[in-house]
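# got a predicted model here, sequence first, then my questions.
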Number of protein chains: 2
Amino acid sequence: MTQTRPGGRTARTRAAVLQATVDELVESGYAGLSMESVAHRAGVHKATVYRRWGTLDGLLVDALTFFADQSVPAPDTGDIDGDLRELARSALAVLTDRAGQALVRAMVSAGHHDQVAQVIRAFWAEHTTMVAKIVNRAVRRGELPSGTQPTDVSRAIGAPLYMRLLVTAEPLDSAAADQSAAAVAAAARAGVFVST
Amino acid sequence: MTQTRPGGRTARTRAAVLQATVDELVESGYAGLSMESVAHRAGVHKATVYRRWGTLDGLLVDALTFFADQSVPAPDTGDIDGDLRELARSALAVLTDRAGQALVRAMVSAGHHDQVAQVIRAFWAEHTTMVAKIVNRAVRRGELPSGTQPTDVSRAIGAPLYMRLLVTAEPLDSAAADQSAAAVAAAARAGVFVST
DNA sequence: GCTTAATGCAACGATTCGTCGCATCAGATG
DNA sequence: CATCTGATGCGACGAATCGTTGCATTAAGC
C-alpha cells in the first residue's frame, strides 16, 4: 500500500525548494518572497509548490524548521566568562551569516504566524536548556549566585546583537559579541538575573 | 505666485493619510500595508496618495518621521540607577503602545530602505545624545568609570526589550525594563562600556 | 514491468497594482 | 466677492500577479 513517496524525487524537490526559499530570502527578503519566484529558482513548477505547501507561510515554516534545527553543543571553557563569550560568538556567527540573517529577519517579519511562533519558541527553549548547563556549572563553581535564571541569561547574551542587526543596523563584529558577553557576566555576578 | 498650498485641505489630507498609515500598520502590519487600504481608511482617493507619496516606502518614511519626532527629555533622578530605570521604562512605554509597536516593526521590515535607515539613525543619534547627559553626570558623581560610552549604554538599555518584542515574543512588563536597567548599571559599573 | 504518486505544463478567472484623463472642489489672491 | 489654479475625486484602463484546474508526463515503490 503505497500512499506517500518520501524518497528520491520528492525529497530532492523538497530540498531544492527549501534551499531556494532561503536564497530568495537572502536576495529579496520576506517582502519579496513569492511562490513563483521560489519555484523558478528551485527549477520546479509553481503548481508543485502550491500543492505541497499551500501558502507562503507554510513554505516559510517548513524552511525555518528545516534550517533552524541545527543544535549546537554547550561550550565548556572552564569559567563562566569564557562560556559566555563562546555563546555570544556563536550567536554572532549566525547573525553575520547571510542565510542566518535572512532567516532571522523572516522570523521577525512572520512572527505573528502561529507556526512560526512555535518554531521560535522551540528554538529559544532549546537555547535556554543549553545555557542552563553553563549557568549551573558556574553556580557550582561559585562564579554566579545561585538562583540565576538561565532564561534571562539566554536572552541577554543575544539581545545586543539582535538589536544591532534588526534595529540600529550597526556593524556586527567580535567586539560587539565580547562586550555583550562581558556585560552579561557582570550583570549575572551582580545578581541581576536571580529570580526574586 | 501660488505654487504650493501647505495649509487647509492639504494639511488635513496629509494628517489623515499618515494617521491611517499608522492605523493600518497596527491592524495589518507592514506586510498588509497598501496604498489603497490606506487611502480608503483615510477617506481619500487612492490617486491622491499615489500623487503625493509615489510609493509605499515613501509614505512610510513620511509617517515615521511624522510620528518618531517626539523627543523626550533626559531623566534626572539623582543617581545612575534611577536614571537608567527611567530610560528603560520610557522605552517600555513605546514598545507596549500599539502604535509604537507597529512603527518599530515597520522600521525593522523596511530597514533596508535608505530613507527609513536615515530616520532610524537620526532617532538613535538623538537617543545617544540624551544618554550622554546621564552618563556624564554619573561619571562626575563617581558612579561610573570615566570613558563609559554613551552609545553602548544607549543600545544596551533597550536591547532586551526590543529582543522580547521582535525576537522571542515574550511579555513586555516593568519587571523586564527594571531588570534591563539593573543589568546595564552593573555592566557599566564594571567598566564593560569603557572604550578601549 | 505495473501501478499510481508526484510533477510538468498551459491556460484560466480573479484580484491587485499603478496610471491616466477629466470633472470638481477649495485655498489663495486681488 | 470673483477669479485662478493647485489639489482632489472619480472612473476606467492595461499590466502584472495570484492561486486554481484539467490533463499529460515522469518516476518512485512494489
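Great, that's in hand.
# could you use CA atoms for every contact and neighbour count after this?
Fine.
# where do the helices sit along chain A?
Counting by DSSP state H, the segments of chain A that form helices are A:9-28, A:35-42, A:46-53, A:56-67, A:80-96, A:98-109, A:114-141, A:150-162, A:174-189.
# for DNA strand D, which of the ones you listed is the nearest?
Counting by Cα to the nearest atom of the strand, DNA strand D lies closest to helix A:9-28 out of these; the figure is 4.0 Å.
# does chain B sit close to that closest one?
No. Counting by Cα under 8 Å from any Cα of the partner chain, chain B is not contacted by helix A:9-28; separation bottoms out at 10.4 Å.
# what is that helix packed up against?
In terms of contacts (3 or more Cα pairs under 8 Å, 6 or more residues apart in numbering or on different chains; DSSP states H and E), helix A:9-28 is packed against helix A:35-42, helix A:56-67, helix A:98-109.
# roughly how far apart are A:Glu126 and A:Ala74?
Going from A:Glu126 to A:Ala74 by Cα to Cα, to the nearest Å gives 11 Å.
# looking at the helices of chain A, which is nearest to B:Leu25?
Nearest of the helices of chain A to B:Leu25, taken as Cα to Cα: helix A:98-109 at 12.7 Å.
# hmm, that closest one in reach of chain B?
Yes. Using Cα under 8 Å from any Cα, a contact is recorded between helix A:98-109 and chain B, made by A:Arg105, A:Met107, A:Val108, A:Ser109.
# the last one: what's it in contact with?
Just to be clear, that refers to A:Ser109. For A:Ser109, the residues meeting the contact criterion (Cα atoms under 8 Å, 6 or more residues apart in numbering or on different chains) are A:Tyr30, B:Arg105, B:Ser109.
# which one of those residues sits closest to B:Ala42?
Distance to B:Ala42 across the contacts of A:Ser109 (Cα to Cα) is lowest for B:Arg105, with 21.4 Å.
# can you tell me, leaving aside adjacent residues, what's nearest to A:Arg41?
Spatially, and ignoring its direct neighbours in sequence, A:Arg41 is nearest to A:Ala20 (5.8 Å; Cα to Cα, 6 or more residues apart in numbering or on different chains).
# doesn't A:Ala42 make contact with the one you found?
Yes. The pair A:Ala20 and A:Ala42 qualifies as a contact (Cα atoms under 8 Å) at a distance of 5.3 Å.
# now the helices of chain A in CSV, with mean pLDDT?
As requested, those are exported to CSV (pLDDT from 0 to 100):
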stretch, mean pLDDT
helix A:9-28, 93
helix A:35-42, 96
helix A:46-53, 96
helix A:56-67, 94
helix A:80-96, 98
helix A:98-109, 96
helix A:114-141, 96
helix A:150-162, 98
helix A:174-189, 98
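# let's have those helices in JSON lines, adding distance to DNA strand D.
Output for the helices of chain A, formatted as JSON lines (distance: least, Cα to the nearest atom of the strand, whole Å):
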{"stretch": "helix A:9-28", "distance to DNA strand D": "4"}
{"stretch": "helix A:35-42", "distance to DNA strand D": "5"}
{"stretch": "helix A:46-53", "distance to DNA strand D": "5"}
{"stretch": "helix A:56-67", "distance to DNA strand D": "7"}
{"stretch": "helix A:80-96", "distance to DNA strand D": "28"}
{"stretch": "helix A:98-109", "distance to DNA strand D": "16"}
{"stretch": "helix A:114-141", "distance to DNA strand D": "18"}
{"stretch": "helix A:150-162", "distance to DNA strand D": "29"}
{"stretch": "helix A:174-189", "distance to DNA strand D": "38"}
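# cool, thanks, signing off.
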